[in-house]
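here is the input, now give the coordinates:
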Amino acid sequence: MQQVIVIGGGVVGLTSAWWLLEAGYRVMLLERAPGVGTGTSYSNGGQLSYRYVSPLADAGVPLKALKWLFQEHGPLRFRPQFDAHQWRWLAAFLANCRADVNRKTTNKLLQLGELSRQAMAALAPVVPLDAFAWRDAGKLVVYRTRAAFDAAAAKPNAGDVWDASECVAHEPALAAMENRLAGGIYNGGEAVADCYAFCVALAERIGAHPGFSGFVHGEVQRFVVSGGRVGGVQTSAGLLSADSYVLAAGMQSRMLGESAGLSLPIYPLKGYSLTAPIRQDDVAPEISVTDFERKVLYARIGDKLRVAAMVDMVGEDLSLNLKRLDSLTRQVKETMPRAADYTQITPWAGLRPATPNSAPIIGATPYSNLWLNVGHGPLGFTFACGTASLLADLMRGKAPPFRLDGLTLG
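Predicted structure coming up:
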């Protein structure tokens with residue numbers, strides 16, 4: 001039985017470990033934090049949006065981005081740095097801002113989203129849905145401007161198109177903004193859940209699996225390579241060796257890839273979230289809501305409201321920017337004033353490891369025994385089960401269920 005070391009204890013690393021265990025591998029999992037799921041997986045938006053997967057890069061986005069930079073509550077903040085990674089990523093991102101590239105990537109991500117939905121459902125007997133507050137909430141994208149709404153409604157298979165009053169009728173939490181809405185588009189089959197709770201529950205099942213050889217908590221420093229293969233990983237716990245290695249460590253993947261001569265095109269898009277308790281008389285959203293123009297997501301997860309928003313291109317800076325958090329809090333109170341107890345908000349920030357075209361990178365590297373599952377951006381929870389199942393297929397030499405062009409390192 002081959003031994004695999006999976007590097008990364010977030011949702012992508014954990015799902016990778018599980019699917020490899022089920023494929024017959026022995027698995028060791030390395031995570032630098034004392035617990036699993038405490039990085040980008042910890043307090044993300046909680047949405048499992050299998051159909052709402054439109055890449056950030058698209059025609060017209062650069063002009064929109066310039067406008068956002070000058071808006072008080074704009075969803076984007078950019079801090080130029082003397083960082084070659086930042087400028088290379090931006091150049092590649094701009095090259096992907098074309099309608100034809102966006103359509104191609106969207107179609108591929110829709111295939112990945114459907115595979116991920118099926119894979120999550122297949123995992124339910126192992127990790128019960130109620131263990132991580134999973135709920136089939138559906139997804140409603142609301143639009144403030146008529147032009148954006150009409151453009152979205154005109155797309156084939158857009159979903160159920162609702163005017164402003166229908167949006168409020170289906171989701172009363174939106175009542176305060178009815179007169180500012182042009183309309184909304186609803187899709188069923190989309191879910192919300194607690195990503196951190198999912199990580200903890202899955203880690204328990206991994207720990208009990210007969211093929212699991214243990215968690216190692218320590219800093220992974222570099223790969224040791226020789227003769228076209230990885231011979232081991234140097235860690236704060238010493239040198240560890242296996243037959244194969246899977247890199248699924250979020251933003252740390254870029255640095256570790258560089259230690260093996262790999263240039264991974266991922267950059268941290270910093271996002272924020274707010275979590276507030278829902279009281280008995282609050283009118284919290286039952287449907288997962290996305291405010292399209294402001295790029296703010298609202299999800300009811302258990303007895304809490306989770307709000308996620310914003311993209312800060314500021315490097316690997318995890319500090320809580322109080323101005324950004326205050327801005328987001330004001331928007332939330334204006335949009336859903338009675339949805340939760342906003343006097344007890346818990347703020348959070350995380351780094352989404354994004355690729356220029358918003359597609360994750362799965363599969364082989366130039367090293368015969370080093371594999372990738374990286375670059376999921378804001379859709380790590382959504383795509384984790386799907387990319388893990390693809391990775392297990394590829395490592396066994398099994399053909400994937402669809403072509404992976406656009407989803408590999410090449």
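
give me the neighbour count for residue 264.
Neighbour count for residue 264, taken as other CB atoms under 10 Å: 22. In this view, the C-beta of every residue, glycine as well, is placed from N, C-alpha and C.

I'd say it and residue 365 touch.
No - in this structure, residue 264 is not within contact of residue 365 by CB atoms under 8 Å, at 9.5 Å.

report the longest helix in the chain, please.
helix 99-123 (DSSP state H).

does anything pack onto that helix? Which helices or strands?
Applying 3 or more CB pairs under 8 Å, 6 or more residues apart in numbering; DSSP states H and E, we find helix 99-123 packed against helix 380-395.

got the angle between the helix it packs on and helix 99-123?
On the basis of axes from the mean of the first three to the mean of the last three CA atoms, to 10 degrees, helix 380-395 is oriented at 80 degrees to helix 99-123.

restrict helix 380-395 to CA atoms and write it as CSV.
Extracted C-alpha coordinates of helix 380-395, given in CSV (Å, rounded to 0.1, in the frame of the first residue of the first chain):
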residue,chain,number,x,y,z
GLY,A,380,-12.7,26.1,-1.7
PHE,A,381,-15.6,24.7,0.2
THR,A,382,-17.7,24.5,-3.0
PHE,A,383,-15.1,22.6,-5.0
ALA,A,384,-13.2,20.7,-2.3
CYS,A,385,-15.0,17.3,-2.6
GLY,A,386,-15.0,17.5,-6.4
THR,A,387,-11.3,18.3,-6.8
ALA,A,388,-10.4,15.6,-4.2
SER,A,389,-12.2,13.0,-6.1
LEU,A,390,-10.5,14.1,-9.4
LEU,A,391,-7.1,14.0,-7.6
ALA,A,392,-7.7,10.4,-6.4
ASP,A,393,-8.7,9.4,-9.9
LEU,A,394,-5.6,11.0,-11.5
MET,A,395,-3.2,9.5,-9.0
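
elements contacting it?
helix 11-22, strand 47-48, helix 99-123, helix 195-207, strand 361-364, strand 370-374.

what helix or strand is residue 92 on?
For residue 92, the host element (DSSP states H and E) is helix 84-95.

and the contacts of that helix?
Applying CB atoms under 8 Å, 6 or more residues apart in numbering, the contact partners of helix 84-95 are 56-57, 62, 80, 254, 265-267, 313, 315, 356-357.

out of the residues you listed, which are inside strands?
Residues of these located in strands (DSSP state E): 267, 313.

which parts of the helix-or-strand element of the chain with minimal mean pLDDT are buried?
Using mean pLDDT, DSSP states H and E, the weakest-scoring helix or strand in the chain turns out to be helix 61-69, at a mean of 82. By 16 or more other CB atoms under 10 Å, the buried positions in helix 61-69 come out as 61, 65, 68.

report the separation between residue 149 and residue 384.
31 Å (CB to CB, to the nearest Å).

okay, those two: which has more neighbours?
residue 384 (32 against 24).

surely the more buried one is in contact with residue 18?
No - with contact defined as CB under 8 Å, residue 384 does not reach residue 18; the gap is 9.9 Å.

pretty sure residue 311 is in a strand, no?
Yes - assigned with DSSP: H, G, I helix; E, B strand; the rest coil, residue 311 falls within a strand.

how many other residues sit next to it?
The burial count for residue 311: 22, using other CB under 10 Å.

is it bridged to anything, and to what?
Beta-bridge pairing for residue 311 (DSSP bridges): residue 76.

show the model's pLDDT score for it.
For residue 311, the pLDDT comes out at 90.

all strands of the stretch 101-250 of the chain, in order?
For the stretch 101-250 of the chain, strands defined by DSSP state E, counting those that start in this stretch occupy the ranges 139-143, 160-162, 183-187, 191-192, 212-217, 220-226, 229-235, 238-240, 244-247.

what does the first one rub up against?
Think strand 139-143. 47, 49, 51-52, 149, 152, 162, 167, 170-171, 174, 177, 181-187, 190, 287-293.

over to the last one?
Contacts of strand 244-247 with the rest of the structure, by CB under 8 Å, 6+ apart, involve 2-8, 13, 16, 20, 25, 223, 230, 233, 253, 256-257, 369-374, 391, 395.

one more pass at 7 Å, please.
The contact list for strand 244-247 (CB atoms under 7 Å, 6 or more residues apart in numbering) reads 2, 4-7, 16, 230, 233, 253, 256-257, 369-374, 391, 395.

filter the contacts of strand 139-143 down to the buried ones, ChimeraX style.
Command for ChimeraX, covering only those of the contacts of strand 139-143 found buried under the criterion 16+ other CB under 10 Å:
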select :47,49,51,52,149,152,162,167,170,171,174,177,181,182,183,184,185,186,187,190,287,288,289,290,291,292
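
so which of the contacts of strand 139-143 are in helices?
Going by DSSP H, the helices hold 149, 152, 167, 170 from those.

among those, which one lies nearest to residue 127?
residue 170 (30.0 Å; CB to CB).

about what we covered before: reformat the buried residues of helix 61-69 as TSV; add distance to residue 342.
Shown next, in TSV, are these (distance: CB to CB, whole Å):
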residue	distance to residue 342
61	31
65	29
68	25
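
okay, now the unreliable bits of this protein?
70, 72 (pLDDT under 70).

farthest residue from the center of it?
In the chain, counting by CA atoms, centre = their mean, residue 227 sits farthest out from the average C-alpha position, at 34.7 Å.

enumerate every residue touching the residue nearest to residue 10 when sequence neighbours are not counted.
Nearest non-adjacent residue to residue 10, counting by CB to CB, 6 or more residues apart in numbering: residue 41, 4.2 Å away. Shown in contact with residue 41 (CB under 7 Å, 6+ apart): 10-11, 195-196, 199, 380-381.
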